[in-house]
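Engineer: Quick one, structure for this:
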Amino acid sequence: MECQLSIALTGQKKEKPATDKLGFGVNFTDHMFVMDYTEGKGWHDPQIVPYSPLSLDPAAMVFHYGQAVFEGLKAYRNKEDKVWLFRPDQNFKRMNRSLERLSMPLVDEEFMVDALKKLVATDKEWIPTESGTSLYIRPFVIATEPCFGVRASHTYKLIILLSPVGAYYAGGMEPVKIYVENNYVRAVRGGTGNAKVAGNYAGGLKAQVEAKEKGYEQVLWLDGVENKYIEEVGSMNVFFKVKGEVWTPVLNGSILEGITRDSTIRLLQDWGVPVVEKRISIEDLYTAYNNGELEEAFGTGTAAVISPIGDLNWNGHQMIINGEKTGPLTMKLYETMTGIQYGEIEDKFGWSVAVTE
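Structural biologist: You can find the predicted model right below:
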């Protein structure tokens, strides 16, 4: 790969949105990173350029056979105006696993972290400073070759976009209501569930729409074979505190290996909280609930970091968890994780990567 990164700055900067109008993923910064891949040449021409529309052939293979993977992470600015990334090396490691699954070319992880740091530094002024706000980062790779042949593309494009986002819990950290999905499945072992590919998310939209029509924010996914073992909640990994232990579904080939999931497990282990990674049946969870042993539940992911669960509906059986209030361990995890991300708490794990000193 030609690693000489070129930078072309925009001559016309955009007007930045008001902090209370940020939302999530609807505003985009002045610049983006773009790099191309050509079979026989490898990745080449990495550039930071003004944000602009793409020009793609209508026959580009991404539109027809779905070769598309993406990542999601954030940049944070603290009170001293320092900018940090949270474990960006892990995002590009996971991107390579996703690329490999879809027969797409791998990237140089170290180069990509350096390029990302330069992009974030270029648009540093877009990073909001209010509590809970951040700069969302979306790296993605798409197949660009115009061809109807059912095979891997010979050309690709890697792009990184930046989007200032508002505080996820602007109105306070309230537990969400979750519907246990019985009709649809997210993924099966041997499929693409453990890769971050675009099609996984398209396939989950129908269940999410139906759950919202029933008054629930998201769905709890069960396995695609026996329809009994818990896998993920929405697009997040899921955890349950039962009798002082924290249970989470074991990675089985159909569950995405979340970076926030791994960070959560490491924090809990550091605190001496027993963590059990295992197959968790919905029946076992319901039994624990009926026995008064289900103490807390939460999802983990980039957008929310930690999302408390207060209500689970399984076949009409309603499980109200911790009185529909955020549990103490859930809150401690959220405050510690975000404290590390914003540079307000000592990072003894070496997770934070400085963009600006």
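
Engineer: how about the nearest residue to G215 once chain neighbours are set aside, secondary structure?
Structural biologist: In space, and not counting its chain neighbours, G215 is closest to K177: 6.9 Å by Cβ to Cβ, 6 or more residues apart in numbering. Quick note: C-beta positions are derived from backbone N, CA and C, even for glycine. Three-state call for K177 (DSSP: H, G, I helix; E, B strand; the rest coil): strand.

Engineer: beta partners of K177?
Structural biologist: D311 (DSSP bridges).

Engineer: how about the helices of the stretch 251-357 of the chain, start to end?
Structural biologist: 259-270, 282-290, 328-341 (DSSP state H, counting those that start in this stretch).

Engineer: rewinding a little: next up, the contacts around the residue nearest to G215.
Structural biologist: 215-217, 310-311, 313 (Cβ atoms under 8 Å, 6 or more residues apart in numbering).

Engineer: and the lowest-mean-pLDDT helix or strand in the chain, how far out from the chain's middle?
Structural biologist: Lowest by mean pLDDT, DSSP states H and E among the helices and strands of the chain is strand 352-356, with a mean of 90. Mean-position distance between strand 352-356 and its chain equals 19 Å (Cα atoms, centre = their mean, to the nearest Å).

Engineer: so that strand versus helix 328-341, what angle?
Structural biologist: Put simply, strand 352-356 runs at 40 degrees to helix 328-341, going by axes from the mean of the first three to the mean of the last three Cα atoms, to 10 degrees.

Engineer: mind listing what's buried in strand 352-356?
Structural biologist: 352-353, 355 (16 or more other Cβ atoms under 10 Å).

Engineer: Repeat that for stretch 103-118.
Structural biologist: For stretch 103-118, burial by neighbour count (16+ other Cβ under 10 Å) applies to 104-105, 107-109, 111-112, 115-117.

Engineer: repeat for stretch 230-245
Structural biologist: For stretch 230-245, by 16+ other Cβ under 10 Å, it's 230-242.

Engineer: follow-up on the earlier one: please, a ChimeraX command that selects the buried ones among the contacts of K177?
Structural biologist: Buried residues within the contacts of K177, by 16+ other Cβ under 10 Å, are selected in ChimeraX with:
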select :216,217,310,311,313
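
Engineer: still on that earlier bit, return the member of the buried residues of stretch 230-245 nearest to G25.
Structural biologist: The shortest approach to G25 among these belongs to S235, at 13.1 Å (Cβ to Cβ).

Engineer: For the closest one, give me its contacts.
Structural biologist: Counting by Cβ under 8 Å, 6+ apart, S235 touches 201, 204, 301.

Engineer: quick one: the strands in the stretch 51-200 of the chain?
Structural biologist: For the stretch 51-200 of the chain, the strands defined by DSSP state E, counting those that start in this stretch cover 68-70, 73-77, 83-86, 134-143, 155-165, 176-180.

Engineer: tell me which of the buried residues of stretch 103-118 is nearest to I48?
Structural biologist: A115 (7.8 Å).

Engineer: ok, that closest one - contacts?
Structural biologist: 5, 33, 35, 46, 48, 160.

Engineer: For these, pick the one with the most neighbours.
Structural biologist: F33 (24 neighbours; other Cβ atoms under 10 Å).

Engineer: Which of the helices or strands spans it?
Structural biologist: strand 31-38 (DSSP states H and E).

Engineer: Tell me what angle whichever helix or strand comes after that strand forms with strand 155-165.
Structural biologist: Next along the chain after strand 31-38, taking DSSP H and E as the criterion, comes strand 42-50. Between the axes of strand 42-50 and strand 155-165, defined by the same axes, to 10 degrees, the angle is 30 degrees.

Engineer: Note down every partner strand of strand 42-50 and its orientation.
Structural biologist: According to DSSP bridges, strand 42-50 forms sheet pairs with strand 6-7 (parallel), strand 31-38 (antiparallel).

Engineer: list the buried ones in the last one?
Structural biologist: Of all the residues in strand 31-38, those buried under the rule 16+ other Cβ under 10 Å are 31-37.

Engineer: For it, give me every contacting residue.
Structural biologist: Applying Cβ under 8 Å, 6+ apart, the contact partners of strand 31-38 are 9-10, 43-52, 105, 115-116, 119, 122-123, 139, 144, 154-162.

Engineer: where do the strands sit along the stretch 201-350 of the chain?
Structural biologist: Secondary structure of the stretch 201-350 of the chain (DSSP E, counting those that start in this stretch): strands at 218-222, 230-233, 237-242, 245-249, 275-278, 294-301, 305-314, 317-320.
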